[in-house]
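S.K.: pasting the structure only:
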């Protein structure tokens, strides 16, 4: 029998773990001395999580199809968040709403928590794509890592309330999802997690050197028959690259990130490939290289 939604606190007693199928959330809420507010927020998260996956699955064929201006609006709230996040990219790039699924789920759970109680700080981390809430005067320090199997911090950020950042997302060929590019990691800061998720996908796809012999690609459908990427070749291995190749790939990604930043779709992006990092942001304080 297929297991339903699971909810439990982690060993620290502060963070809530929600899991159902591919959705795996780590949640923390803080509300000063108001313990009841935190309890209410966690209760809302658990209640809102129940049935979320089933609602998404009911519209999965639509969500796996390329986003276009003619797409019918989805019925589910999370599915609409996904469509809204990818819509700004659809005119010039191939993208499906699935590019924003992790961020949209995180945004929806955080919204339910904030509606249930006044919170000082809160985050919903969905496999590295994070929805973030900071009340006035609050801040978060974060470290950016390049790969999930052997994480090593390549940059850092100090996010403060009022900077317009409510989402953090990372994409790259080493991550959970397939990538058309060769970035080890692209981390994006944006207004919400769904927007960051979609933008990270677009930028990571742009970090590339088409036709390079050191890059091995496989059709997405050969790895996952129902992939929303279909026959498009996704990166499975990146061999040694010359310095000029790394610079060329990062320049392509930087150009894509700059266009999204200039269009108001992101606040910052950190691109990492083969030990080299490029930073693009609206303010130098948003992202910094790893401390020496």
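M.R.: Cool, the structure landed. Keep in mind the model is a prediction, meaning the values are calculated, not measured.

S.K.: is residue 127 in contact with residue 105, as I believe?
M.R.: No: at 9.6 Å, residue 127 and residue 105 do not qualify as touching, with contact defined as C-beta atoms under 8 Å. Bear in mind the C-beta positions are built from the backbone N, C-alpha and C, glycine included.

S.K.: now do the contacts for residue 237.
M.R.: Contact analysis of residue 237 by C-beta atoms under 8 Å, 6 or more residues apart in numbering lists 215-216.

S.K.: same thing but 7 Å
M.R.: Contacts for residue 237 (C-beta atoms under 7 Å, 6 or more residues apart in numbering) come out as residue 216.

S.K.: show residues contacting stretch 258-273.
M.R.: Residues external to stretch 258-273 that are found in contact with it (C-beta under 7 Å, 6+ apart): 88, 144, 146, 154-155, 164-165, 182-190, 195, 199, 203, 207, 246, 249-250, 253-254, 257, 277-282, 286-287.

S.K.: from those, which land in strands?
M.R.: 144, 154-155, 185-190, 277-281 (DSSP state E).

S.K.: so which of those residues wins on neighbours?
M.R.: Tallying neighbours with other C-beta atoms under 10 Å puts residue 188 at the head of the ones in strands among the contacts of stretch 258-273, with 34 neighbours.

S.K.: now do the helices in the chain.
M.R.: Taking DSSP state H, the helices of the chain run over residues 35-49, 52-58, 60-63, 77-90, 101-116, 193-206, 220-223, 243-262.

S.K.: what about the first one, distance to the chain center?
M.R.: Its chain's C-alpha centre and that of helix 35-49 lie 23 Å apart, by C-alpha atoms, centre = their mean, to the nearest Å.

S.K.: and the third one, by the same measure?
M.R.: Remark: helix 60-63 is offset 19 Å from the chain centroid, using C-alpha atoms, centre = their mean.

S.K.: show me the shaky parts of the stretch 101-250 of the chain.
M.R.: 147-151 (pLDDT under 70).

S.K.: please redo it, this time with the cut-off set to 80
M.R.: Applying pLDDT under 80 to the stretch 101-250 of the chain picks out residues 146-152.

S.K.: so how far is residue 121 from the residue nearest to the spatial centre of the chain?
M.R.: The centroid of the chain falls nearest to residue 169 when counting by C-alpha atoms, centre = their mean (2.9 Å). Going from residue 169 to residue 121 by C-beta to C-beta, to the nearest Å gives 19 Å.

S.K.: can you check residue 168 too?
M.R.: Distance, residue 168 to residue 121, by C-beta to C-beta: 14 Å.

S.K.: out of those two, which sits in the busier spot?
M.R.: Neighbour tally, residue 168 and residue 121, criterion other C-beta under 10 Å: the higher count belongs to residue 168, 29 against 17.

S.K.: wait, what's in contact with that one?
M.R.: 130, 132, 142, 187, 189, 193, 196.

S.K.: need the nearest residue in space to it, chain neighbours excluded.
M.R.: Once flanking residues are discounted, residue 168 sits nearest to residue 130: 4.4 Å by C-beta to C-beta, 6 or more residues apart in numbering.

S.K.: and that neighbour, what does it touch?
M.R.: 106, 123-124, 167-168, 193.
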